[in-house]
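Q: pasted the sequence and its predicted model underneath.
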Amino acid sequence: MTDIYEEIAKLSDKFNEMAYGITTDKNKIDNAVQELMLYFLQMNPESLRKIYDKDGIKGITKYGAVALRRALSSTRSNFFYKYEKYYTHIDGGSYSNSKTFGSYNMDFDIPNHKNIYNLPTEKIDNTQLLKLQEIDVALEEFSWYDKKVFELYYYEGNTLDSLAKKTSISRNSLFTTIDKVRTILKKKLNE
C-alpha cells in the first residue's frame, strides 16, 4: 500500500490545478486538497487497491477529481461542514487592539475580515464523554475476551470483516459476542 500512497502524494500538484477550475480561493484549494489526501489515507485499503489495480494512477486521479469536485461544490460534503459552513458564520466586525511597544502605546484598527479574535466560542457538551466513561466502567465487569472484542469493534472502528481477519475468529462468533455485550450494556446503563 505504501507504493500507492507515494503515488497519490505526487498527485497533489495535479489536484491543486484541478481545484483551480472550480474555485480561485487559494486557502480553499489548499484545504480541499489536504482533505482529499486525508480522505485517501482513511479510505478502505482494499477499495483503493482495487481502483489502482484496475486503472492505475489514472483511476486514482479520476476518483480524486470526483471527490475534489464534490468537496468544493456540494453543501453536503464533509469539506463544506468542516470549513465553509463554519467560517461563513464568523463575525466579521472590526475591533481595536492596543499594543505596547517599549514605552509607546499604539492602537491598531483591524479592518473587517475574519481572524482569530472573532472566532465564535464553542460550548463543549460533555454528555457523550460521560456516557463513554459509564460504558468503560460497565465493561470492567465483563470477561477479558468480551471486553476486548467490544473495544476492538467500537473504540478502534473495525468492521466485523476486518476484525475477523485480524483475530482469525469467525465473523459470526464476533457478532454474537458484540451483540451480547451491547445488549447487557443497554440494560445496565438504562436502569
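A: On my side now, so go ahead.
Q: quick one: the strands in the chain, in order.
A: Counting by DSSP state E, the chain has strands at residues 95-101, 104-110.
Q: and for the nearest residue to R69 once chain neighbours are set aside, the neighbour number?
A: Leaving aside its sequence neighbours, R69 sits nearest to I22 (C-beta to C-beta, 6 or more residues apart in numbering; 6.2 Å). (Each C-beta comes from the backbone N, C-alpha and C, glycine too.) For I22, the neighbour count with other C-beta atoms under 10 Å is 15.
Q: before we move on, what about S12?
A: Neighbours of S12 under the rule other C-beta under 10 Å: 15.
Q: where's R76 relative to R70, distance?
A: From R76 across to R70, the span is 9 Å (C-beta to C-beta, to the nearest Å).
Q: which one's more surrounded, these two?
A: Neighbour count, other C-beta under 10 Å: between R76 and R70, R70 has more, with 14 against 7.
Q: and the closest residue to the more buried one other than its chain neighbours, how far is that from K186?
A: Closest residue in space to R70, ignoring its immediate chain neighbours: S77 at 5.4 Å, by C-beta to C-beta, 6+ apart. In this view, S77 and K186 are 33 Å apart by C-beta to C-beta.
Q: kindly report the same for T167.
A: T167 sits 24 Å away from K186, going by C-beta to C-beta.
Q: do the same with M43
A: Distance of M43 to K186, given as C-beta to C-beta: 32 Å.
Q: so these two - more neighbours on which side?
A: Of the pair M43 and K186, M43 is the one with more neighbours under other C-beta under 10 Å, namely 14 against 10.
Q: buried ones in stretch 163-174?
A: Across stretch 163-174, burial judged by 16 or more other C-beta atoms under 10 Å covers 163-164, 174.
Q: show me what it is in contact with.
A: With C-beta atoms under 8 Å, 6 or more residues apart in numbering as the test, stretch 163-174 has contacts from 149, 152-153, 158, 160-161.
Q: quick one: least confident of those?
A: Minimum pLDDT for the contacts of stretch 163-174 is recorded at N158 (83).
Q: over to it: give its phi and psi.
A: Note on N158: backbone dihedrals following degrees, to the nearest 10 are phi -80, psi 150.
Q: which ones are touching the nearest residue to it once chain neighbours are set aside?
A: Once flanking residues are discounted, N158 sits nearest to L152: 5.5 Å by C-beta to C-beta, 6+ apart. Applying C-beta under 8 Å, 6+ apart, we find L152 in contact with 158, 163, 166-167.
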